[in-house]
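Colleague: sequence and predicted structure are below.
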Protein chains: 2
Amino acid sequence: MSTTVAPDPTRRNDGVRRAILSAAIDQVGEVGYAKLTIERIAKSAGVGKQTIYRWWPSKGALFFDAFLDLAGDGEATALPDTGDLAADLKLVLDATIDELNNPRFDQAMRALHTEIVLDPALAAEYATRLDNPMRDIKKARLRTAQEAGQLAEDVDLEVAVDLVWGPILNRWLHRTAPLTSEYAHQVVDTALRGLAPRVS
Amino acid sequence: MSTTVAPDPTRRNDGVRRAILSAAIDQVGEVGYAKLTIERIAKSAGVGKQTIYRWWPSKGALFFDAFLDLAGDGEATALPDTGDLAADLKLVLDATIDELNNPRFDQAMRALHTEIVLDPALAAEYATRLDNPMRDIKKARLRTAQEAGQLAEDVDLEVAVDLVWGPILNRWLHRTAPLTSEYAHQVVDTALRGLAPRVS
């Protein structure tokens, strides 16, 4: 039995990959997506450009992997389901707000949005790789609530998702006011009960 | 009485001013806000740079005047009030959607947003000059409805505005799906009635 630890190429690759993804987020925060180059990322990660090109065909492919990694790609497969829809939605929005209030995530998300707002192809890629899978998870939770009689039968789930999450992203984008847990909870309660007076 | 029409400096100034504002919107659509220069606008409007600097201290001041002019600055002083809140909101959102689906407005609004998303100072200026005055007009209409018993007494009007207008801007921004009148009307109806089941 030897005490020499043999190099583990898988582990080394994983470390290099994470350094590159992390450098992409660092650099996009510094110079914005438009000025982000493979050279800049390679230099920041301490690797050669060829290492990056071996794994990613383009800057776009790399940045999306970096953003998905930062956004917790694959971690969320379902929203919490305690049976209390309002409580579950508040928990999820609190986590979203924590993320948007985190400077590293905020910067990367803003850089991504400066491009998405102008570039329909990038918007489509964002939808396919991040927004649609997340929408599906949100709709699945709302569908469960609808089946349990906690959501009106005739509510369109696409519209429901937009009513709950739309105000949060909007306030973040326009910096209308601070993104607080109190605001998020108000959005959930108001969306569920509606603006119209309750029938008494 | 002379038949010679004397030159009217006010009218001439107004024509030049409009040509400059229009050129600013044309050029921002072509090159984006970051690459928009006073030189470019002057050339496109057929005036000298000094003419522009006589009226506007900076590119930012000029572009905001151009955007406000395009967005119908000062035209909207109140939302329609027929006594039917849902119908009035649908009318207003239909107009918003027409505007966002107009390529000239869409391009200028996208250019503005690429900058707003990154620049807190510009976001604050957008809020002060356009978004807050519009929010006040929206809240005034909702307040009338609240006083007439058509909106629940405990609804926060800031949150109410976000629930009605947030989904529209979000769908525009992310190009999630086409911005249609049908969608806007669904948003209004769902926001008013809420997601939770009606008490029967």
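Modeller: In hand now; what should we look at? Not measured: the values here are computed from a predicted model. Numbers count the residues shown, from 1 in each chain, chains lettered A, B, ... in the order given.
Colleague: any idea how many residues pack against A:Leu79?
Modeller: Neighbour count of A:Leu79, defined by other Cβ atoms under 10 Å in any protein chain shown: 18. In this view, the C-beta of every residue, glycine as well, is placed from N, C-alpha and C.
Colleague: how about the contacts made by it?
Modeller: A:Asp88, A:Leu89, A:Val92, A:Ile137, A:Lys138, A:Ala140, A:Arg141 (Cβ atoms under 8 Å, 6 or more residues apart in numbering or on different chains).
Colleague: helix, strand, or coil at it?
Modeller: Here A:Leu79 is coil, with the state taken from DSSP: H, G, I helix; E, B strand; the rest coil.
Colleague: could you measure from the closest residue to it other than its chain neighbours over to chain B?
Modeller: Nearest non-adjacent residue to A:Leu79, counting by Cβ to Cβ, 6 or more residues apart in numbering or on different chains: A:Arg141, 4.0 Å away. Counting by Cβ to the nearest Cβ, to the nearest Å, the gap from A:Arg141 to chain B is 12 Å.
Colleague: and A:Ser22, by the same measure?
Modeller: Taking Cβ to the nearest Cβ, one finds A:Ser22 at 21 Å from chain B.
Colleague: for A:Met109, phi and psi?
Modeller: phi -70, psi -40 (degrees, to the nearest 10).
Colleague: do A:Ala71 as well
Modeller: Torsion angles, degrees, to the nearest 10, at A:Ala71: phi -80, psi 0.
Colleague: still on that earlier bit, show me the contacts for the residue nearest to A:Leu79.
Modeller: Applying Cβ under 8 Å, 6+ apart, one finds that A:Arg141 lies in contact with A:Ala78, A:Leu79, A:Asp81, A:Leu85, A:Asp88, A:Leu89.
Colleague: ditto for A:Ala177
Modeller: A:Arg171, A:Tyr183, B:Glu158.
Colleague: out of these, which end up buried?
Modeller: A:Arg171, A:Tyr183, B:Glu158 (16 or more other Cβ atoms under 10 Å in any protein chain shown).
Colleague: name the helices or strands packed onto the one helix or strand the last one maps to?
Modeller: B:Glu158 belongs to helix B:157-174 when elements are defined using DSSP states H and E. Applying 3 or more Cβ pairs under 8 Å, 6 or more residues apart in numbering or on different chains; DSSP states H and E, we find helix B:157-174 packed against helix A:103-116, helix A:157-174, helix A:181-193, helix B:85-100, helix B:132-147, helix B:181-193.
Colleague: buried set for the fourth one?
Modeller: Of the residues in helix B:85-100, those buried by neighbour count under the rule 16+ other Cβ under 10 Å are B:Leu85, B:Ala86, B:Asp88, B:Leu89, B:Lys90, B:Leu91, B:Val92, B:Leu93, B:Thr96, B:Ile97, B:Glu99, B:Leu100.
Colleague: ok, back up a step: of the contacts of A:Arg141, closest to chain B?
Modeller: Nearest to chain B, judged by Cβ to the nearest Cβ, of these is A:Leu85 at 8.5 Å.
Colleague: export the contacts of A:Arg141 to TSV and tack on pLDDT?
Modeller: Below are the contacts of A:Arg141 laid out as TSV (pLDDT from 0 to 100):
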residue	pLDDT
A:Ala78	91
A:Leu79	93
A:Asp81	96
A:Leu85	96
A:Asp88	97
A:Leu89	97
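Colleague: quick check, distance from stretch A:125-145 to the centre of its chain.
Modeller: 11 Å (Cα atoms, centre = their mean, to the nearest Å).
Colleague: return the set of buried residues in that stretch.
Modeller: Buried, per 16+ other Cβ under 10 Å, within stretch A:125-145: A:125-127, A:130-131, A:133-135, A:138-139, A:141-142, A:144-145.
Colleague: and it, average pLDDT?
Modeller: Averaged across stretch A:125-145, the pLDDT comes to 93.
Colleague: one more: stretch A:56-68?
Modeller: For stretch A:56-68, the per-residue pLDDT averages 90.
Colleague: what's next to that stretch, contact-wise?
Modeller: Everything outside stretch A:56-68 that qualifies as a contact, by Cβ under 8 Å, 6+ apart, is A:20-22, A:24-25, A:28, A:33, A:36-38, A:41, A:52, A:55, A:108-109, A:112, A:122, A:125-126, A:129-130.
Colleague: looking at these, which are in helices?
Modeller: With helices taken from DSSP state H, the overlap with these comprises A:20-22, A:24-25, A:28, A:38, A:41, A:52, A:55, A:108-109, A:112, A:122, A:125-126.
Colleague: top of the residues you listed by neighbour count?
Modeller: That'd be A:Ala24 among the ones in helices among the contacts of stretch A:56-68, by other Cβ under 10 Å, with 29 neighbours.
Colleague: show me the contacts for that residue.
Modeller: A:Leu36, A:Ile41, A:Leu62, A:Phe63, A:Ala66.
Colleague: just the CA trace of the helix or strand where the last one lies, in CSV.
Modeller: This points to A:Ala66. Assessed by DSSP H and E, A:Ala66 sits inside helix A:59-70. Output of helix A:59-70 as CSV, limited to C-alpha atoms (Å, rounded to 0.1, in the frame of the first residue of the first chain):
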residue,chain,number,x,y,z
LYS,A,59,-18.4,33.3,-24.2
GLY,A,60,-22.1,33.0,-24.2
ALA,A,61,-22.1,29.3,-23.3
LEU,A,62,-19.5,29.9,-20.6
PHE,A,63,-21.3,32.8,-19.0
PHE,A,64,-24.6,31.0,-18.9
ASP,A,65,-23.0,28.0,-17.2
ALA,A,66,-21.4,30.5,-14.7
PHE,A,67,-24.7,32.2,-14.1
LEU,A,68,-26.6,28.9,-13.7
ASP,A,69,-24.0,27.7,-11.3
LEU,A,70,-24.3,30.9,-9.3
